[in-house]
Structures are given as C-alpha cells and as structure tokens.
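Engineer: Next one to model:
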Amino acid sequence: MKIYNSLTQNLDEFTSINPKKVTIYVCGITPYDTTHLGHAFTYISFDALIRYLKFQGFKVTYTQNVTDINDRDKDTLQRAKEQNIPWQNLAKYWTDKFLSDMKALDWIKPTNYLFASREIPSMIKLIQQIIDNNLAYIVNGSVYLDILKIKDFDKLSKLSKEEMLQKAKDFEEDLENPDKKTPLDITLWKASGANQPTHIPSFDSPFGKGRPGWHIECSAMSISTLGEQIDIHGGGKDLIFPHHEAEIAQSEGATNKIPFAKYWIHTGTVYYQGEKMSKSKGNLIMVSELFKKYSPNAIRWLILSNNWRKDWEYKEEDLIKAQKIVNLIEYLSFHLRGGGTKKDTLEQFTQIMNKDLDTPKALDLLIFLIDKKQLSAAKKIYLTLGFKNY
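Structural biologist: Residues are numbered from 1 along each chain as shown. The predicted structure is shown next:
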C-alpha cells in the first residue's frame, strides 16, 4: 500500500515499524458543540484506513484523545462558565454526544480513548524529560519549549517564520507572552495566575500549579499508550501547524527517537456555502441533524465518496444521491442472491485501496458489482468499508 505522507510530501510505501502491527494516533475533539460533518469526515476517513489495515491482516492499536483541558481559557472552559455548569460536565455531555453520533456511523472506537484531564502525570513526565534535555526553560512557574534549540522546527509544515507566526496567530497562540524568549516558543505548562478565575482548574506539578499546554497533551498520550515511535499520526490538515509541528519537536526532543511518527496523514477540509465549515462562520452541518433525514450508511457513503486528503463542499443533493444508492444496495441484498466473491474482484479492490486509500474508486467498483449482480462480492466490500450490515 502507498499512502500520502505529509512529512515527506510523497506517496510512500507503507511498512509498519513492527511486522503486522500498526500503531495510530489521531487528534480528537475539543468537547463542545460537536459533531459536525467536518469531524465525521476526518474520523470516518481514518476508520476506513483502520478497517482496511485489519482487512490486510494487521493488528491495529489506535489512540484518540479528548481535549477537555488545555492552556486555553476559551473553548470548553468558557462555554461551561457561560452555561454555569462544571467544565467536566460539559465535556462529558459533548463527548457522549460525539461517541453516540460516531457509533451510529459504525465507527470503530479507539483502543485507547483518553481524556486529557486524566492523563496529567504522563504530561508532567514528558515535560520533565524535555527540561532535562535542556530544551525548555521555566519562567514564573510556566514551562516553554525553546524552538531555537530545535534545528528542524519546520520539517512537517515547511513554513517560513512569517507563515508560522500567522498560523499561530490564527490558532490564538500566546504570541504576546512577555515570559517567552521568542513568540513561537511552545507553552508546555501554564502556571496558575494569582488572580485566576475560579472556573479555570489547576493541577499540581513539580513546576507549580497550572495546566498542560495543548500540544504536549497529544505527545504524552501518544507515547504513554503507543510507545516512543509510532507508525501513523493524523488529524485534519489544519493541525499541521502549530499542533503537529509542536508534537514532533516535543516528542523527539524528549525521547531522542526519530521519527516520532513514521507517517503523517492529514484529511482535507469540508466546505459549506463556499466557506470552510466552522463554528465561527455559523455554517456547521451537524451529523445529528442529518440523521433526521438520512441513514448512517448514506452519510458514510457521502464521506467515502470524497478523497480523504482533498477539500470538498457539502451539497445536500450529493447526500440525497448517496441515500438512493445505499437504499438500492440494501434492497438488492435483501431480495436477491447471487454471484460469489471472486478472487480477482477482491484483488481489484485491494489494488484500488493500495493507491492512497482511494475510497471513491472503491465505491465505484461496488456499484459496478451491484450492476453485474455480483452481490456477494459487493457485500464483502461494503462491510469492509464499514457500512452497517444490510
């Protein structure tokens, strides 16, 4: 199998670190206001990859996180304050909602599904390793990664310093922090302020009370569950910088193991009404709302009909078409039988998926098999791609 690797910017042949075993980490949700179609596109795309790896005989260990706490004062904490409820309750509510939506889409739940707030010790351990390796400094109880000591702090994003600053600004990184040596230095631990609002939690650490930085969380949860080097790390392409670039610097800086992740896989962006689907734009298509009119299999079909690493725009007419297709497949499966699963048919499916996980062509093959009444072969592929049994 060849798959596009953001790190090399090439189609790379996939070989796992350990034979027939694959370790995968995918960045998860910040639990408020989920689950929109953009989330579903990322996680169902990775679900298809994991299912295909299992189809190929690999044992997959998969970790995903919930960012219920980090160094940001907004997101979950701000929303909980506005609703006058504990932040833990808000995080649980939206995480449960996300898991319910994804279960309906027949998503395979990760081997390790971790809440950041419950993994503080692993983060403290990793921060201490970075300090011990003389790559971080402490000011007023906060800890920062000194990126000037990271010789290749651009190897994933390939961005100039000016481009990094703009991206960091877009992600509301604390660029104006006077305690930092340089604006792009990464916050590993944010100290609790003397006048910190009561709705913002603090955790104990050797550096003093505070909270872990967003970026160190994923480094720590990946290493603690999957090891110091993993096969695949991924998420939406908007996370390449600063989040994933920071993860590489932190992880390799702590462990001295290179590469931290062998393959970096990033999904495309979903658009609606000509703009990126986002809360700030107010153009979210919530999966729970789609369930009121369309089946989970139709939504999964729509997602997999788009190339996993390309941007695409949601149009309801495409979902209507997807619903008609899955209705036909399920009708024929119930009423008709015939056509064994030929070896060359599965070989054709494998050849398609081996070319950068080409799920749109795999669906075209499935439609062709239905047209030729090769229903057993169609069903085999349908189930392999994660559609619910019909």
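
Engineer: For the helix or strand hosting Y271, name the packing helices and strands.
Structural biologist: For Y271, the host element (DSSP states H and E) is strand 270-272. Packing partners of strand 270-272 (3 or more CB pairs under 8 Å, 6 or more residues apart in numbering; DSSP states H and E): helix 37-55, strand 312-313. All C-beta atoms are positioned from the backbone trio N, CA, C, and that covers glycine.

Engineer: Try it again at 6 Å.
Structural biologist: Applying 3 or more CB pairs under 6 Å, 6 or more residues apart in numbering; DSSP states H and E, we find strand 270-272 packed against helix 37-55.

Engineer: list the helices and strands whichever helix or strand comes after the helix it packs on packs on?
Structural biologist: Where DSSP H and E defines the elements, the next helix or strand beyond helix 37-55 is strand 59-66. Identification of packing neighbours for strand 59-66 by 3+ CB pairs under 6 Å, 6+ apart yields strand 21-26, helix 37-55, strand 112-115, helix 214-226.

Engineer: Go through strand 59-66 and flag the buried ones.
Structural biologist: By 16 or more other CB atoms under 10 Å, the buried positions in strand 59-66 come out as 60-66.

Engineer: re earlier: so which of the helices and strands packed on strand 59-66 is nearest D364?
Structural biologist: D364 sits nearest to helix 37-55 of all these, at 15.0 Å, using CB to CB.

Engineer: List the buried residues for the closest one?
Structural biologist: So for helix 37-55, counting by 16+ other CB under 10 Å, buried means 37-53, 55.

Engineer: now stretch 193-200
Structural biologist: 196, 200.

Engineer: can you check stretch 162-169 too?
Structural biologist: 164, 167-168.

Engineer: now those residues in a markdown table, with secondary structure?
Structural biologist: Shown next, in a markdown table, are those (DSSP: H, G, I helix; E, B strand; the rest coil):
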| residue | secondary structure |
| --- | --- |
| M164 | helix |
| K167 | helix |
| A168 | helix |
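
Engineer: dump the residue contacts of T384.
Structural biologist: F55 (CB atoms under 6 Å, 6 or more residues apart in numbering).

Engineer: Would you mind measuring from it to T359?
Structural biologist: According to CB to CB, to the nearest Å, T384 and T359 sit 11 Å apart.

Engineer: and if you look at A249?
Structural biologist: Counting by CB to CB - A249 and T359 are separated by 32 Å.

Engineer: Compare the two (neighbour count), which wins?
Structural biologist: A249 (28 against 23; other CB atoms under 10 Å).

Engineer: can you give me the strands for the stretch 101-250 of the chain?
Structural biologist: Under the criterion DSSP state E, counting those that start in this stretch, the stretch 101-250 of the chain contains strands at 112-115, 136-139, 142-145, 186-191, 210-212, 230-236.

Engineer: what would the ones you listed look like in TSV with distance to P242 and mean pLDDT?
Structural biologist: Formatted as TSV, the strands of the stretch 101-250 of the chain follow (distance: least, CB to CB, whole Å; pLDDT from 0 to 100):
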stretch	distance to P242	mean pLDDT
strand 112-115	21	98
strand 136-139	16	98
strand 142-145	11	98
strand 186-191	8	98
strand 210-212	15	97
strand 230-236	13	98
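
Engineer: Format these as CSV; extra columns: distance to S222 and mean neighbour count.
Structural biologist: Conversion of the strands of the stretch 101-250 of the chain to CSV gives the following (distance: least, CB to CB, whole Å; neighbours: other CB atoms under 10 Å):
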stretch, distance to S222, mean neighbour count
strand 112-115, 10, 18
strand 136-139, 19, 18
strand 142-145, 16, 26
strand 186-191, 15, 26
strand 210-212, 14, 26
strand 230-236, 6, 24
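
Engineer: Same list, those, but as a markdown table with distance to C218 please.
Structural biologist: Converted to a markdown table, the strands of the stretch 101-250 of the chain look like this (distance: least, CB to CB, whole Å):
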| stretch | distance to C218 |
| --- | --- |
| strand 112-115 | 10 |
| strand 136-139 | 17 |
| strand 142-145 | 14 |
| strand 186-191 | 12 |
| strand 210-212 | 10 |
| strand 230-236 | 8 |
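
Engineer: would you put the C-alpha positions of stretch 193-213 in CSV?
Structural biologist: This file holds the C-alpha atoms of stretch 193-213, laid out as CSV (Å, rounded to 0.1, in the frame of the first residue of the first chain):
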residue,chain,number,x,y,z
GLY,A,193,-2.1,33.1,37.9
ALA,A,194,-2.6,34.9,41.2
ASN,A,195,-6.0,36.2,40.1
GLN,A,196,-7.0,33.2,38.0
PRO,A,197,-10.8,33.0,37.6
THR,A,198,-12.4,30.3,39.8
HIS,A,199,-13.9,28.4,36.8
ILE,A,200,-10.4,27.6,35.5
PRO,A,201,-8.9,24.5,37.1
SER,A,202,-5.4,24.0,38.3
PHE,A,203,-3.3,20.8,38.6
ASP,A,204,-0.3,20.1,40.8
SER,A,205,3.1,19.7,39.2
PRO,A,206,6.8,20.0,40.2
PHE,A,207,6.7,23.4,38.4
GLY,A,208,3.8,24.6,40.5
LYS,A,209,0.1,24.6,40.0
GLY,A,210,-1.2,25.0,36.4
ARG,A,211,-2.4,23.3,33.3
PRO,A,212,-0.6,21.4,30.5
GLY,A,213,-0.3,23.0,27.1
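
Engineer: follow-up on the earlier one: so what strands line up beside the very next helix or strand once past the strand holding Y271?
Structural biologist: Per DSSP H and E, the first helix or strand lying C-terminal to strand 270-272 is strand 275-276. Partner strands for strand 275-276, per DSSP bridges, with pairing direction: strand 270-272 (antiparallel).

Engineer: Please, where are all the helices along the stretch 201-350 of the chain?
Structural biologist: Along the stretch 201-350 of the chain, counting by DSSP state H, counting those that start in this stretch, helices occupy 214-226, 245-255, 287-290, 296-304, 316-335, 343-353.

Engineer: From the chain's centroid, how far away is the last one?
Structural biologist: The chain centre lies 28 Å from the centre of helix 343-353; the measure is CA atoms, centre = their mean, to the nearest Å.
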